[in-house]
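Q: Kindly generate the corresponding structure for this input.
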Amino acid sequence: MKVVSYYNVVPNKNKSQEKFDILTKFIQGVNAAGDTGIVHKGYDLQKCDVGMIQGWQHEVGKNAPHLQLRQRVMQRTANKRVCTADANLFLYANKTNHPHHYLRYSFDGVFPNTGNYFDDNPNPSRWQQISNHLGIKIEEPRVKGKNILICLQRNHGWSMGSLSVVDWLDTTIAKITQCTDRTIVIRAHPGDKKAITSYLPVLIQKYQHNNKIKISALGTPLEQDLRKAWAVVNHNSSSIVGPLIQGYPGFVTDLNRSQCAEVVHTDFSKIENPQQFDRQKWLERISMFHWNFDELSNGVAWKHMREYV
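A: Numbering: from 1, shown residues only. Next up is the predicted model:
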């Protein structure tokens, strides 16, 4: 089996060595497992079974050379499958991702309804390993808290599809307020650099006279916003993973593209009396697509993934 890692899907100016290491260590593992792996530093496509990229590309994304290359690999004209690496779902427990460098991997998509995550046969030992490495424990269900914390995603980001944050928030708040009179706290995506100049001023003006809706100051740590939270709400992003493990009830509005589908609610009528889910089984499943750099370079990760090619 032949695997080609496309080095130029990461722009040269990128300062994250981790992103380049993903592409080279993946190929080390392919070769260690007895297959043929190549790190390709051109912009042309190579005939292969699996094309490896870091990141993904929105259908209407920018036209930078590294993004165009991602798009061409994703179209799978030269490769049967495309493998991608994305941020791990446990970053809340270790924001630097050192020293293990766990990342999540998938074939052909970055959502559960579009990608293959090699997770149909969970092995409890993987979750145990990750739990030990990162010091994560499943906490008891939350029985206190006052606020409903809404975690926004990037405005018009690819995980939001065609939705604007403001439109989504209007609809979501309307549904929540039909079911509870708790104070709602709105938290902007910490990586949305345009929030302060785009939608945040709109939200501040809209809710400045509503004492039941508050906006968290940009840059406030998630841990601080969670202190008084009763439940956490988002569209489909990974920001809800940490709170779920910590025992907070979770609500999402896009179940199909959430990695937490089996442990969250979509019905806000349950917000005052949330159901308890089997978080152990969920964590065992999502652990199956998280691999660290040692497992990447020694071939353990690839041996698992290659069964799904």
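Q: Now L103. Nearest residue, chain neighbours left out?
A: A85 (4.8 Å; C-beta to C-beta, 6 or more residues apart in numbering). For the C-beta atoms, the positions are set from N, CA and C on the backbone; glycine is no exception.
Q: Pretty sure the one you found sits in a strand.
A: Yes: per DSSP: H, G, I helix; E, B strand; the rest coil, A85 lies within a strand segment.
Q: count of neighbours near it?
A: 22 (other C-beta atoms under 10 Å).
Q: same deal with A301?
A: A301, neighbours per other C-beta under 10 Å, totals 25.
Q: do S106 as well
A: What S106 shows, counting by other C-beta under 10 Å, is a neighbour count of 23.
Q: Helix, strand or coil: sort out it for me.
A: strand.
Q: Please name the nearest non-neighbouring residue to it.
A: Per C-beta to C-beta, 6+ apart, closest to S106 is G115, 3.9 Å.
Q: quick one, phi/psi of the residue nearest to F289 when sequence neighbours are not counted?
A: Leaving aside its sequence neighbours, F289 sits nearest to Y117 (C-beta to C-beta, 6+ apart; 4.2 Å). Backbone torsions for Y117, taken as degrees, to the nearest 10, come to phi -110, psi 10.
Q: Quick one, grab the pLDDT at Y117.
A: At Y117, the model reports a pLDDT of 97.
Q: contacting residues around it?
A: If a contact means C-beta atoms under 8 Å, 6 or more residues apart in numbering, then Y117 has R104, Y105, S106, F107, I286, M288, F289 as its contacts.
Q: Could you tell me how many residues sit around the last one?
A: Spelled out, it's F289. F289 has 24 nearby residues by other C-beta under 10 Å.
Q: pretty sure it is touching R104, no?
A: Yes: with contact defined as C-beta atoms under 8 Å, F289 reaches R104; the gap is 5.1 Å.
Q: I'd like to know how far the residue nearest to L103 sits from E18.
A: Remark: distance between A85 and E18 (C-beta to C-beta, to the nearest Å) = 9 Å.
Q: can I assume I186 is in contact with L203?
A: Yes: with contact defined as C-beta under 8 Å, I186 counts as touching L203 (6.4 Å).
Q: Looking at those two, which is more packed in?
A: The neighbour count for I186 versus L203, taken as other C-beta under 10 Å, is higher for I186 (23 against 19).
Q: For the more buried one, which three-state class applies?
A: I186 ends up strand, using three-state DSSP.
Q: what residues are up against it?
A: Counted by C-beta under 8 Å, 6+ apart, I186 has contacts I150, L152, L169, L203, Y207, I213, K214, I215, S216.
Q: Quick check: next helix or strand after the helix or strand where the fourth one lies?
A: For L203, the enclosing helix or strand under DSSP states H and E is helix 200-207. For helix 200-207, the following helix or strand on the C-terminal side (DSSP H and E) is strand 213-215.
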